[in-house]
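Enquirer: Any chance you can model this:
(one chain, ligands or ions: 1)
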Amino acid sequence: MPDKDHNSQLEELIRQRIRTEGPMPFAEYMGLCLYHPEHGYYMTPRRRIGKQGDFYTSSSVHGMFGRLLTRQLVQAWQLLGSGAMTVAEQGAGEGHLALDILDCLRDEYPDCYAAVDYALVEVGPEHRRRQRELLAAHADRVRWCELDELSGMTGVILSNELVDAFPVHLVEKSDGSLREIHVGVEDDRLVEVVGQPSTGRIQAHIDWLGAGPLEGSRGEVNLAAVDWMRKVAQVLESGLVLTIDYGYPTEELYAPHRRRGTLLCYHRHRSHEDVFAHIGCQDMTSHVDFGALIRAGEEEGLETLWFGEQYRFLMALGFVEELMRLQALETDPVRAQALRLTLKNLILPEGGMGETFKVLVQGKGLGPVELACQRPISAIEIG
Ligand SMILES: C[S@@+](CC[C@H](N)C(=O)[O-])C[C@H]1O[C@@H](n2cnc3c(N)ncnc32)[C@H](O)[C@@H]1O
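Expert: Numbers count the residues shown, from 1 in each chain. Now for the predicted structure:
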């Protein structure tokens, strides 16, 4: 029986490649662990998200996340003239967010629902299959495609926890020079090997940002995130880019107290730093450098409209009002209490998703706008 907690075929394949070609940059190793077409974590059938998986996402916590987000999408639709609009969601996982958004549009904003073409951009065949199943009731509104195919689109490009799943280069600074972590083989075991940077793009990225790991520290350089942001900006003709993920502005990401960077692995709801454990069967992620996304977006013509914590975003879109509405519908006090605790998870700063999670809203071709998510929290009435 194949081991669900470790893919030894993938490990052997990686070992073989290192034996013939030499140590590989960590980014290549992470790319194989997550996206090897046959054995990668995101490419094989397994439960990844939710209680039976390895981690929770906001959309797997409660449908309210998607309902609130829908309000921002509807406002974008109005700002764009209430005509045909594409909502492109990249990395939709099992499709819960898409379902919550489409249900909410159909039930509460039927004119917008009729105008929306929901395009899913998804690399994992298993996730594509689950999305197709889950979204069957909206079959005439959804489609699957590549990001390139959306060139010239009007609408919103949306992602939740996509960018943290991109393979990153791992670097460290010692004695004033930049080193890159590679993966080698020693006595048949995979081990870290510290070597020269595998590409000049790493130093160029640090120079471009004016920040990187400090002396004696380790950190990640997410070149794929910058490439993605540039591509997104080029594809969007007019509308919004809404990127939700855990992360920091650049200077916070490389702050002196973060000496070991932010790379983490998730397996059955346990987070740890052992990148050689559970090969192909655990998630590997790093915190997103929002400073780099903002800068790359601006260089490609995106305006930074809003950047802040997820709790602010959700509060502005009506979290409190929605919580009270749902509570009022719940007659059983035990279930009402459970609901409150579940929903609080979306906004709690510590142990919850409220603060580490950030939302970046960028725009193109909209002119000066005041977005629904910019409503000051002080304006919210708690009854
Ligand atoms: C952590 S999951 C996202 C969870 C989901 N958005 C949610 O709210 O539950 C990451 C997703 O991104 C997908 N993914 C990773 N890289 C991708 C890429 N370059 N293009 C499209 N999808 C990608 C993975 O297959 C997976 O579906």
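
Enquirer: Flag every residue of the stretch 151-300 of the chain that's near the ligand.
Expert: If contact is defined as CB under 6 Å from any ligand atom, the residues of the stretch 151-300 of the chain in contact with the ligand are 160-162, 165. (Each C-beta comes from the backbone N, C-alpha and C, glycine too.)

Enquirer: how close does the one residue in the stretch 251-383 of the chain that gets nearest to the ligand get to residue 62?
Expert: Per CB to the nearest ligand atom, the residue of the stretch 251-383 of the chain with the smallest distance to the ligand is residue 283, at 6.9 Å. From residue 283 over to residue 62 the distance is 21 Å, taken as CB to CB, to the nearest Å.

Enquirer: again with residue 18
Expert: Noted for residue 18: a distance of 43 Å to residue 62, by CB to CB.

Enquirer: Residue 277 now?
Expert: Distance of residue 277 to residue 62, given as CB to CB: 31 Å.

Enquirer: Neighbour count for those two, which is higher?
Expert: Neighbours were counted for residue 277 and for residue 62 using other CB atoms under 10 Å; residue 62 has more, 18 against 13.

Enquirer: my read: residue 111 touches residue 83, true?
Expert: No - with contact taken as CB atoms under 8 Å, residue 111 and residue 83 are classed as non-touching, separated by 10.7 Å.

Enquirer: Tell me which of those two has more neighbours.
Expert: When neighbours are counted by other CB under 10 Å, residue 111 and residue 83 differ, and residue 111 comes out ahead with 11 against 8.

Enquirer: which residues of the stretch 201-350 of the chain score low on pLDDT?
Expert: 350 (pLDDT under 70).

Enquirer: Which one (most neighbours) among the residues of the stretch 151-300 of the chain next to the ligand?
Expert: Sorting these by how many neighbours each has (other CB under 10 Å) puts residue 160 first, at 26 neighbours.

Enquirer: ok, now which ones touch it?
Expert: Taking CB atoms under 8 Å, 6 or more residues apart in numbering as the criterion, residue 160 is in contact with 57-59, 91, 93, 97, 244-245.

Enquirer: Also residue 247?
Expert: With contacts taken as CB under 8 Å, 6+ apart, residue 247 has the following neighbours: 163-164, 253, 287-290, 356, 358.

Enquirer: The residues you listed in helices, which ones?
Expert: Taking DSSP state H, the ones among the contacts of residue 247 that sit in helices are 253, 290.

Enquirer: Go through the contacts of residue 247 and name the one nearest residue 202.
Expert: When the contacts of residue 247 are compared for distance to residue 202, the smallest value, 13.2 Å, is given by residue 289; criterion: CB to CB.

Enquirer: That closest one - how many residues pack around it?
Expert: Residue 289 has 29 neighbours, counted by other CB under 10 Å.
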